[in-house]
Structure formats: structure tokens, C-alpha cells
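Asker: have a look; sequence and predicted model below, questions after that.
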Amino acid sequence: MTGGRVVLLLLLEFVLVESVVVTRQTEQSRAWEGDRAVEQQRIEKECVGKALDLVFIIDSSRSILPRDFERVKDFIVNILRFLDVGLEKTRVGLVLYGSTVEKVFSLGTYGKVEDMERAVRGMAHLATGTMTGMAIKYTADVAFSVQEGARPLGLNIPRVAVIVTDGRPQDPVAEPAARARDAGMLIFAVGVGRVDMTTLRLIGSEPHEKHVFFVQNFSMIQTLLSEFHTKICDTDLCGVVGHGCEQICINAPGSFICKCKAGFILNSDQKTCRRIDQCQVGEHQCEHECVSTATSYSCRCRTGFILNPDGRTCRRTDFCLSARNTCEHECVSTADSYLCRCRKGYILNPDGKTCRQCSNGAMDLVFIIDGSKRLGARNFQLVKQFVNNIVDGLEVAPNATRVGLAQYSARVRTEFPLRRYRTAKEVKSAVSRTKYTSQGLGSGVAVRQLFKQSFRVAEGARLLSRNIPRVAIMFTDGREQGNMAEWATKAKQNGINIYAVGVGETIEEGLQQIASFPQDEHLYYARNSRSMGEIAEKVKAQICKGNPSAGDRCKCQAVMAFQIQANEEIQRLTQRLDEVLKRLKTVENYVTIK
């Protein structure tokens, strides 16, 4: 009895213990089921309203057994049931691959989970090779195209691919996978059984701990559901999805937006950033140049200027105020240095700093005066006075200005050649002694003499190669005589600068044939005298055209001074001639009346 009681008591104790264990396991199971339900509700809530473009890439090679292929279908269907599927929400596409790639349905094909499930359950096992790289390229180029139902990249709808494979690919995967990721695809890679993990990491997005998964066999693939649901429907799309934002990604309902750091602005692709050009955006107020910085701008001055204390306006750098300025007379600031300039009457020495005084320069000057009886003795005296007044202002010397004089009437008479006199006093004395011939007219022979005789070297003119100005002042009434125009043209073509002074009743056409160009600076006559200010400016423009070299500046000044003085004398002479002509008219009228 005693032994039987002991056995009975042991049996009762065992039953009680088993009952307690079962009870605890049941409670734990219920708790686990409750936790799983709560987690599922949380995941389902996170997937509500989520907009995704999701494509499954399923390995359908011959290494996958039919029962395992069915397990993959279950895996896909279970994921679909957690998604908020719809054309305005999550769109789903599915491709199978083996030796080829086959589309089961595209992103734009179905808008309901039930339709997708039927298509998944009905897909056939290819049982061929394993062209994984080709499948990834097809997905990037075709499955995620707008034509197949993918939404434009500009909408920032995440593009997610889930690839499931069990073998080693028979083609390269690194390059097509990298290109797909660079195009904005987020790739989840699931490896089963004998798959190579190195290859799997080449396919999946980074970080690999969030995007690359491995299970021993297809029976265990369902264990990945919860993790997949969490990652695919995660509200932190910036942390999971390959958003492509260059600087800042901000989560938005069912999507994300890209933003830029301070000092940058979003480009038209809505992902990359460029530095803000503050100089174009705002009122920079820079006088010269505006330079953009990371957060603002700064002003910069052009070469030859420095920035004022206000940081905006500029002032010219005055190099003449610096210690480098060693100019003897005047200093002129340039853009990046300075140059020296001499006062009037001086020219710059070769050292570019010191100055030397100008002489009056050199010139060969011949006066051709009218000695015909039409001019009259009184006017002839006025012309001689005009010549002497001009000579007064010249430096007459063999190495400076040489003066010659010829008188024409029926023939031409050289009163004195260029070589004869060495001082202004000698020239003036010779002019004063000149006798009025009072004969017929001969302007043609006078111009011929000017061309063929007056400026010959034998007569005292200097060689043309020395570039000494040859100037002639001719007094005439402009009447054409003895091929006057032809000889005047030849003289001008040979470098003689001719001033024509019309005296008395002149013919303007004849004066124009004689005078050098421009004629408004070389032609004068009594009835239309010009103001001296205008004459001086025209002479200056004529003699010193362009930018003469330093060696020519004194010559220019001398010739300019001569021409201004000559113009003044011409004006005074023509005024006197006007007065004489008026008196003659009065006398003629008086005699006629008598």
C-alpha cells in the first residue's frame, strides 16, 4: 500500500506541474499573439496612405523547387496585404527572371490587392538560368519607366525594388545594380540558401544591415515579413529610401522633400543644390563688382581702384601720390601705374621722367605772293606786312625754319630762296625790299614754280626723308591760268601743304583746286573770314592727328603756333582788303554818277 501511495502521489505532482507549465505557455502564447497583433496594427497604420512604387524581382531559375516557388508567392502576398495599394497610393509591379526576364504585371496594371494576388498565384515557374544582372537592368530601364506606370521622379515618390534569389548569378550584377541605385532605386536584396553574400551586398542598397537579408531556406523566408513591412512602410523615408537629396532630406506624408543648407538653393531637379548668387538675388549696392560668399557677398573694385571704407564704393588709386612718383613736371595716374607728362613747351626725355624745352621746330616755308596789277600797290604792301608778321613768330635758322619768297604776275620771280637768310630779321628786311611788279596774271606758272623749283634741295629745302614739313602760302584770286589745278595737285602729292588765300574778287573753285585737304582748314578769302577759335582747333586737329611720338610733339607745337598766327594775319589782311574793295566800289560808283 505504501508503495502504491507513493507512486500515486508522484503522478499527481507530475500532473500538477504539467498543468502549471501548460497554463504558463498558454499565457505566454496569448501575450505573444497580442504583441504581434499590436505590432501588426502599428505596421498597418504606418503603411496607410504611403505612396510607393514597388517592384518585386523574383528568381525563377531551375534551382528553386516548385514548393519553394510557392513559398515565395506566399511571401509576396503577405507583403501585399500590409500595403495601402492604389494608383494614388502604393503601386506594385512584378517581374520573373531566369535566362530571360518576364513581366507578370506592371506598376500601372492593377489598383487592388485582390487582382495582384490572383496574378501572383497564377505566375508560372520558368525553371531556367539565373540572369540577375539582366533582371536588375530591365527593372531600372523598363519596370520603373513612366510608360509602365512609375510616377515621375520629380514627385519624389520612393522607388523600391525587392529582389529574391537563391543562386549565383550567371552575369555581372555590380554595374547594373550601381546604375539602378544612382537612378534613385532603393534595393532590398533577399538571399536564400547557397547564395553568395558578396554578390548580395553588391546588389543591395547601403547600409547593408538594413537592406541585405539572408535565410537558410525558403521555409524561413516568412520570418522576414515583419522587418520588411517595417522598413518599406517606415515613416522615415529619408532614412530608408534612396532619396537622392544632395544636402537635406525632410520627411513628408508618404514622401519626402529635398532642401538645401543656408547659402544654397535647390536646382530644377529638386534634389541637388547650388550656391546662392547673393549678387543676383539682392540689392548689393556694389559700385564696381559683387562677389558672392557662402552666406552673403562682398564688393570688389576694378584694377586701378581701391575700396572705400563703406565697403561698396571705389576710388581711383592715385599712384601719383605714392613715393614712386618721380616726375619732373606733371604726373598722370593710369589703371595700374602712372606716367609723366611735361608742361606746354617741353617734351619728355627718354628716361620717361624728366623734361626738356622745345625749340620752335623745323619747317620749310615758301610764300607765293600776287604781284599782278589787279592786286594794286596798296594791297601788295598789306600782303608784305602779313608775311613779316608771320615771320616774327618763327625761329628762323638753318636748323629750324627756313623761309623763301616768290612773286608772280606774267612770270614768276624768286625774291629769295629757302637757303639765303639765316635769321628772321634778314627775312623781314628782304620782304620789305621786295618791289611790286604790277604786270599781268600768272597763277598757273606760280604753282608750277612752287612744285618744280621752290622746294628743290638746291634752293635750300631739306630732303623729304628728314620729314621736315613743307608749307606754302599762296595769294591768288583763284582764276584758272596755265594748268593751275594740275600743278597744284602734283605739288600736294609731293608733300607740299598749300594754304590758298583769296584776295579781291575771288573764284572759289580755283581756290579749292589749290588748297590742301581738308579745305576748310586751308582755304580763306576776304568775304568769309572765320573766328580764330575755330581755326585754331581745326589746325590743331590737322597737324597733330592721332598720337604723335614724343619727338614729334615739339614739331607739332611749332607748326600749330605758326598756323594760328598765320590764320590771325590772314583774317586781319582779308578785313583790310574788304575795306579797300568797299572804298573802290564807292569811288567807281561816284565816277559813274559824275
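Answerer: Yep, that arrived. Numbers count the residues shown, from 1 in each chain.

Asker: state the helix or strand in which residue 524 lies.
Answerer: strand 523-525 (DSSP states H and E).

Asker: and what of residue 200?
Answerer: helix 197-203.

Asker: ok, now residue 492?
Answerer: Per DSSP H and E: helix 484-493 holds residue 492.

Asker: just the C-alphas of that helix, formatted as CSV.
Answerer: Only the C-alpha atoms of helix 484-493 are listed here, as CSV (Å, rounded to 0.1, in the frame of the first residue of the first chain):
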residue,chain,number,x,y,z
MET,A,484,47.0,125.8,-112.3
ALA,A,485,44.9,122.9,-110.9
GLU,A,486,47.2,120.2,-112.4
TRP,A,487,50.4,121.7,-111.0
ALA,A,488,48.7,122.2,-107.6
THR,A,489,47.7,118.5,-107.5
LYS,A,490,51.3,117.5,-108.2
ALA,A,491,52.6,119.8,-105.5
LYS,A,492,50.2,118.4,-102.9
GLN,A,493,51.0,114.8,-104.0
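
Asker: now do the strands for the stretch 351-500 of the chain: every range, in order, please.
Answerer: Secondary structure of the stretch 351-500 of the chain (DSSP state E, counting those that start in this stretch): strands located at 355-357, 363-370, 401-408, 412-416, 470-476, 496-502.

Asker: among the ones you listed, which comes closest to residue 180?
Answerer: Residue 180 lies closest, by CB to CB, to one member of the strands of the stretch 351-500 of the chain: strand 355-357, at 79.8 Å. C-beta coordinates here come from the backbone N, C-alpha and C atoms, glycine included.

Asker: please pull out the lowest mean pLDDT helix or strand from this protein.
Answerer: Lowest by mean pLDDT, DSSP states H and E among the helices and strands of the chain is helix 532-543, with a mean of 37.

Asker: poorly predicted segments of the stretch 51-200 of the chain, please.
Answerer: Nowhere does the stretch 51-200 of the chain drop to pLDDT under 70.

Asker: quick one, strands of it?
Answerer: 52-59, 90-97, 101-105, 159-165, 185-192.

Asker: to residue 113, which of those lies closest?
Answerer: strand 90-97 (8.6 Å).

Asker: any idea of the angle that closest one forms with strand 159-165?
Answerer: 30 degrees (axes from the mean of the first three to the mean of the last three CA atoms, to 10 degrees).

Asker: strand 90-97 packs against which elements?
Answerer: Applying 3 or more CB pairs under 8 Å, 6 or more residues apart in numbering; DSSP states H and E, we find strand 90-97 packed against strand 52-59, strand 101-105, helix 113-121, helix 132-138.

Asker: I'd like the distance from the closest residue to residue 286 other than its chain neighbours to residue 125, if you could.
Answerer: For residue 286, ignoring the flanking residues on the chain, the nearest one in space by CB to CB, 6 or more residues apart in numbering is residue 299 at 3.8 Å. Separation of residue 299 from residue 125 (CB to CB, to the nearest Å) stands at 73 Å.

Asker: cool, residue 404 as well?
Answerer: For residue 404 relative to residue 125 (CB to CB), the value is 122 Å.

Asker: ok, now which ones touch the residue nearest to residue 131 when sequence neighbours are not counted?
Answerer: Leaving aside its chain neighbours, residue 131 sits nearest to residue 171 (5.2 Å; criterion: CB to CB, 6+ apart). The contact partners of residue 171, taken as CB atoms under 8 Å, 6 or more residues apart in numbering, are 131-134.

Asker: which among those gets closest to residue 210?
Answerer: residue 132 (20.7 Å).

Asker: distance check, the closest one against residue 54.
Answerer: 19 Å.

Asker: neighbour count: those two, which is higher?
Answerer: residue 132 (27 against 23; other CB atoms under 10 Å).

Asker: hang on, that one packs against residue 98?
Answerer: No. Look at residue 132 against residue 98 with CB atoms under 8 Å: they stay out of range, at 10.1 Å.

Asker: what do those two both touch?
Answerer: What both residue 132 and residue 98 touch, as defined by CB under 8 Å, 6+ apart, is the set residue 59.

Asker: and for the residue nearest to residue 59 when sequence neighbours are not counted, the neighbour number?
Answerer: Sequence neighbours aside, residue 165 is the residue nearest to residue 59 in space, at 3.9 Å (criterion: CB to CB, 6+ apart). Residues within reach of residue 165, counting by other CB under 10 Å, total 28.

Asker: do residue 170 as well
Answerer: Neighbour number of residue 170 under other CB under 10 Å is 15.

Asker: now do the residue nearest to residue 59 against residue 122, distance only.
Answerer: Counting by CB to CB, the gap from residue 165 to residue 122 is 22 Å.

Asker: so who does the closest residue to residue 173 other than its chain neighbours touch?
Answerer: Nearest residue to residue 173 in three dimensions, chain neighbours excluded: residue 133, at 4.4 Å (CB to CB, 6+ apart). For residue 133, the contacting residues are 169, 171-173, 175-177, by CB under 8 Å, 6+ apart.

Asker: now, which of those sits nearest residue 303?
Answerer: residue 175 (51.2 Å).

Asker: now the closest residue to the closest one other than its chain neighbours: how far from residue 51?
Answerer: Spatial nearest neighbour of residue 175, chain neighbours left out: residue 133 (7.6 Å); criterion: CB to CB, 6+ apart. According to CB to CB, residue 133 and residue 51 sit 29 Å apart.

Asker: ok, residue 130 next?
Answerer: Counting by CB to CB - residue 130 and residue 51 are separated by 32 Å.

Asker: which one of the two has more residues nearby?
Answerer: residue 130 (23 against 19).

Asker: residue 60 is in contact with that one, correct?
Answerer: No. Taking contacts as CB under 8 Å, residue 130 lies outside contact range of residue 60: 9.3 Å.
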